[in-house]
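> here is a sequence with its predicted model. Questions after.
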Amino acid sequence: MAKDSELWDIICDGPHVPVNKDEADMETTLKTRQEYNEVDRKAVKKNSCTTAKEIWEALQTAHEGTSQVKNSKIDMLTTEYELFKIKEDRSIHDMHTRFTSLINKLSSLGEVITSIKMVRKLLGVLPDSWDIKVNAIYEAKDLAKLTVDEIIGNLKTYEIKMTLKKEEKNEAKRERNLVL
């Protein structure tokens, strides 16, 4: 539209068809190509954009679906977002990958979820074994200023520490069993 407003008018209103108007009979007839003036030639030259509009609409429908399909997708993904959980045996990385995919799908359909809602959601879906870390984050951080990436980085760091402690406990158990 910024490049050529006449072109945009043709895309929105349809092709330009040069006509002769007979004022006396109030009749219009199509002009032959020989009867075209310079304005008619310029306008007709832009008519190919009618198909561009049809192509655009077809691509939009193929990508997003009809408005009914789009709304159904949004409803389904919103339900998936609301029911999103992490299982005890899954890593933070796995959770982040699934969560990001879900958020991207919603975003591509025009549903934007604020950063603070995403942060709260991520902290809310962690298993009970993470309660100490979640409480520490709530107390020490301003959630409104935290990004999803900061939370994920913080949680991954804590996950590594927890994994190391489990490995140390398992090693200590093995040593005790060997001693016995």
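Yes, it's here.
> any regions of the chain where pLDDT drops low?
1-16, 45-51, 54-55, 58-59, 62-65, 179-180 (pLDDT under 70).
> quickly list the domain ranges of it.
Using automatic domain parsing, the domain parsing of the chain gives 5-60, 65-179.
> could you dump these to a markdown table with mean neighbour count?
Glycine gets a C-beta too; all of them are placed from N, C-alpha and C. Below are these laid out as a markdown table (neighbours: other C-beta atoms under 10 Å):
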| stretch | mean neighbour count |
| --- | --- |
| domain 5-60 | 12 |
| domain 65-179 | 13 |
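> with only the CA atoms kept, save stretch 21-41 in CSV.
C-alpha atoms of stretch 21-41 as CSV (Å, rounded to 0.1, in the frame of the first residue of the first chain):
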residue,chain,number,x,y,z
LYS,A,21,-20.0,5.7,-20.9
ASP,A,22,-22.7,7.0,-23.1
GLU,A,23,-24.2,9.9,-21.2
ALA,A,24,-27.3,10.1,-23.4
ASP,A,25,-28.3,6.4,-23.0
MET,A,26,-26.7,6.0,-19.6
GLU,A,27,-25.1,2.9,-21.0
THR,A,28,-21.6,1.5,-20.5
THR,A,29,-19.7,-0.7,-22.9
LEU,A,30,-16.3,-2.3,-22.6
LYS,A,31,-13.5,-0.5,-24.4
THR,A,32,-11.5,-2.3,-27.0
ARG,A,33,-7.8,-2.4,-26.5
GLN,A,34,-7.3,0.2,-29.3
GLU,A,35,-9.6,2.6,-27.4
TYR,A,36,-7.5,2.5,-24.2
ASN,A,37,-5.9,5.8,-23.2
GLU,A,38,-2.8,6.0,-21.1
VAL,A,39,-4.7,6.0,-17.7
ASP,A,40,-6.6,2.8,-18.8
ARG,A,41,-3.3,1.1,-19.9
